[in-house]
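Q: can't give you the sequence, but here's the structure:
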Ligand code: 6PG
């Protein structure tokens, strides 16, 4: 029966949640999973939604179940599986049928797929984890606008809403949607790392237990730091392990995993020459965290750092202020990278709309994003650090960030993301830097030439040239 408005392939955690969300919003959906039992089980457990869901056992049946022109969402693992799925599906489709990759694809792959596609194709970034996918994710669309327009009524309906506005936005052509999602994840990494570093000060410096730390995050979540990541950090710190009765955090191994999106962001930032040091530091910190044996050997060799910080040396308020400054700088770096990509790839990425799109549903949703949307709307070309509203915040908080990084460093507590945040801030407020030395060195060993303050041109040389 050709009754479904849309199809979905891949009923893993995210695919199943997204399919249920679509059905829950009143759209008939046909679903397919390579393993038929997964499809059957999904349908059997769909409850009242089952009537809106058509389970299919072959790709041919899936295609036959969807109204023309068809739209089919792929929720399969990023990389080769996406190409394989497209290759298997495309020959079964009509010329006007649309394939939508909603996984966490590398945006260069999405651009390639859009260019190679023999029929309509688009890539959308979906953020919000399983709960977001089920009840309202933030959606970042990329591809031809006419393709977006064909499915935007469904994507807007299933997306999160911020004060009634759908968090589903078309970002631009080709891989633009997945690019914006990658930067989202880069900010996610940096914000999470900064929170973890402040947790380190509380645990190792101030000797606080997990429950007390949980209370601090919960309190901060009522102020300028209000955000999903602050909220869940409080919940994680407050949780007790049902098996041992100990704080859950004390049972979790301190080696961070990663699927790779933060790394993609860091690599792409280097290609774009876009400075995102806090995001890069967060990726490095995850890599470093996984080297547990080397870290243990280092502790044996050098001895454990002193770490203990007297309570009158650092106050919790100061930590909060430091985190506020750090968080603003994470977003500032992310948005400035988006601007760099917009120029480089000719995408016209809508910075204020991106901030608006992230206000609900996604992992980096935060109370600050509404003000960021306003600030970027007033001047999309300006680094958020220079937007009056955030400059006021940073003027009040950067000293706390500096002090926290200094105190932590003096006590041997590693804070790579916060430290890179203050270094970025200082570099970005320094009219006269030190790269004249670099230019002198380059000219000395390679006659690369330099610009002079007192003359035009870029190809001057120093006296060492002779
Ligand atoms: C989201 C998240 C999600 C991401 C996971 C895991 O926006 O919903 O960014 O897409 O895949 O958070 O990412 P890592 O394994 O790289 O930490």
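A: Here it is on my side, so go on. Bear in mind that the values here come from a model prediction, so they are computed numbers and not experimental data. Numbers count the residues shown, from 1 in each chain.

Q: Where does pLDDT dip in the chain?
A: Residue ranges of the chain with pLDDT under 70: 1, 465-466.

Q: Need the residue closest to the centroid of it.
A: By C-alpha atoms, centre = their mean, the mean C-alpha position of the chain lies nearest to residue 185, the distance being 1.4 Å.

Q: So for that residue, what's the nearest residue that isn't a sequence neighbour?
A: Distances taken as C-beta to C-beta, 6 or more residues apart in numbering place residue 261 nearest to residue 185, at 3.8 Å, with adjacent residues excluded. All C-beta spots, glycine's among them, are computed from the backbone N, C-alpha and C.

Q: residues contacting that neighbour?
A: By C-beta atoms under 8 Å, 6 or more residues apart in numbering, the contact set of residue 261 is 104, 181-182, 185-186.

Q: picking that back up, can I assume the residue nearest to the centre of the chain is in contact with residue 262?
A: Yes - taking C-beta atoms under 8 Å as the definition, residue 185 is a contact partner of residue 262 at 5.6 Å.

Q: can you give me the helices for the stretch 101-250 of the chain?
A: Using DSSP state H, counting those that start in this stretch, the helices of the stretch 101-250 of the chain run over residues 107-116, 129-135, 145-158, 176-200, 210-220, 228-238.

Q: Kindly state the domain boundaries assigned to the chain.
A: Listed domain ranges for the chain are 6-174, 182-428, 435-465 (source: automatic domain parsing).

Q: list the buried ones in the shortest one?
A: Okay, so that is domain 435-465. Neighbour-count burial for domain 435-465 flags 439, 443, 450 (criterion: 16 or more other C-beta atoms under 10 Å).

Q: Of the helices of the stretch 101-250 of the chain, flag the one that's most buried.
A: Highest mean neighbour count among the helices of the stretch 101-250 of the chain (mean count of other C-beta atoms under 10 Å): helix 176-200, with a mean of 27.

Q: Is there a neighbour count for residue 161? I'd like the number.
A: Residues within reach of residue 161, counting by other C-beta atoms under 10 Å, total 15.

Q: from what I can see it touches residue 136, true?
A: Yes - assessed by C-beta under 8 Å, residue 161 is found in contact with residue 136 at 6.8 Å.

Q: any common contacting residues for the two?
A: The contact sets of residue 161 and residue 136 overlap at 167, 360 (C-beta under 8 Å, 6+ apart).

Q: from the stretch 301-450 of the chain, which residue is nearest to the ligand?
A: Going by C-beta to the nearest ligand atom, the ligand is nearest to residue 363 of the stretch 301-450 of the chain, at 4.3 Å.

Q: how about that residue, what does it touch?
A: 127-129, 132, 184-185, 188, 228-229.

Q: Which ones, among these, also lie beside the ligand?
A: Among these, proximity to the ligand is found for 127-129, 185, 188 (C-beta under 6 Å from any ligand atom).

Q: For the ligand, state which of those residues is nearest.
A: Closest approach to the ligand among those (C-beta to the nearest ligand atom): residue 127, at 3.0 Å.

Q: Look up which residues are beta-bridged to the closest one.
A: Beta-bridge partners for residue 127, by DSSP bridges, are residue 138.

Q: any idea how far residue 8 is from it?
A: To residue 8, residue 127 is 18 Å away according to C-beta to C-beta, to the nearest Å.

Q: ditto for residue 134
A: 13 Å.

Q: does the closest residue to the ligand within the stretch 151-300 of the chain sit in a helix, a strand or a coil?
A: Taking C-beta to the nearest ligand atom, the ligand has its nearest neighbour within the stretch 151-300 of the chain at residue 259, 3.6 Å off. Of the three states, residue 259 takes coil under DSSP: H, G, I helix; E, B strand; the rest coil.

Q: phi, psi of the nearest residue to it once chain neighbours are set aside?
A: Once flanking residues are discounted, residue 259 sits nearest to residue 104: 6.8 Å by C-beta to C-beta, 6+ apart. Note on residue 104: backbone dihedrals following degrees, to the nearest 10 are phi -90, psi 70.

Q: and residue 104, how many neighbours does it have?
A: Counted with other C-beta under 10 Å, residue 104 comes out at 20.

Q: Looks like it contacts residue 124 (just checking).
A: No - here residue 104 does not reach residue 124: they are 10.6 Å apart, not a contact under C-beta under 8 Å.

Q: any idea how far residue 451 lies from residue 275?
A: Going from residue 451 to residue 275 by C-beta to C-beta gives 20 Å.

Q: what ranges do the helices span in the stretch 351-466 of the chain?
A: 351-357, 368-378, 388-410, 416-428, 435-446.

Q: Now do the fourth one against helix 176-200, angle only.
A: For helix 416-428 and helix 176-200, the angle between their directions (axes from the mean of the first three to the mean of the last three C-alpha atoms, to 10 degrees) works out to 110 degrees.

Q: who's in contact with helix 416-428?
A: By C-beta under 8 Å, 6+ apart, the surrounding residues in contact with helix 416-428 are 190, 193-194, 197-198, 275, 277-278, 280-282, 284-285, 322, 325-326, 329-330, 333, 383, 385, 394, 398, 401-402, 404-405, 408-409, 433.

Q: From the residues you listed, list the buried ones, please.
A: Neighbour-count burial (16+ other C-beta under 10 Å) applied to the contacts of helix 416-428 gives 190, 193-194, 197-198, 275, 277-278, 280-282, 284-285, 322, 325-326, 329-330, 333, 385, 394, 398, 401-402, 404-405, 408.

Q: near the ligand, which residues of the chain show up?
A: So the chain meets the ligand at 104, 127-129, 185, 188, 257-259, 261-262, 362-363 (C-beta under 6 Å from any ligand atom).

Q: Find the pair from those with maximum spatial separation.
A: 257 and 362 (19.7 Å; C-beta to C-beta).

Q: more neighbours, the two?
A: Per other C-beta under 10 Å, whichever of residue 257 and residue 362 has more neighbours is residue 362, with 30 against 7.

Q: so who does the more buried one touch?
A: Neighbouring residues of residue 362 by C-beta under 8 Å, 6+ apart: 127-128, 132, 137-138, 160, 167, 184, 228.

Q: Kindly indicate which of these lies nearest residue 348.
A: Sorting the contacts of residue 362 by distance to residue 348 puts residue 184 at the head of the list, at 18.4 Å, by C-beta to C-beta.

Q: was I right about the closest one contacting residue 125?
A: Yes - between residue 184 and residue 125 there is a contact at 6.9 Å, judged by C-beta under 8 Å.

Q: Common neighbours of the two, please.
A: Taking C-beta under 8 Å, 6+ apart as the criterion, residue 184 and residue 125 both touch residue 140.

Q: Grab the longest helix from this structure for me.
A: When the chain is parsed with DSSP state H, its longest helix is helix 316-345.
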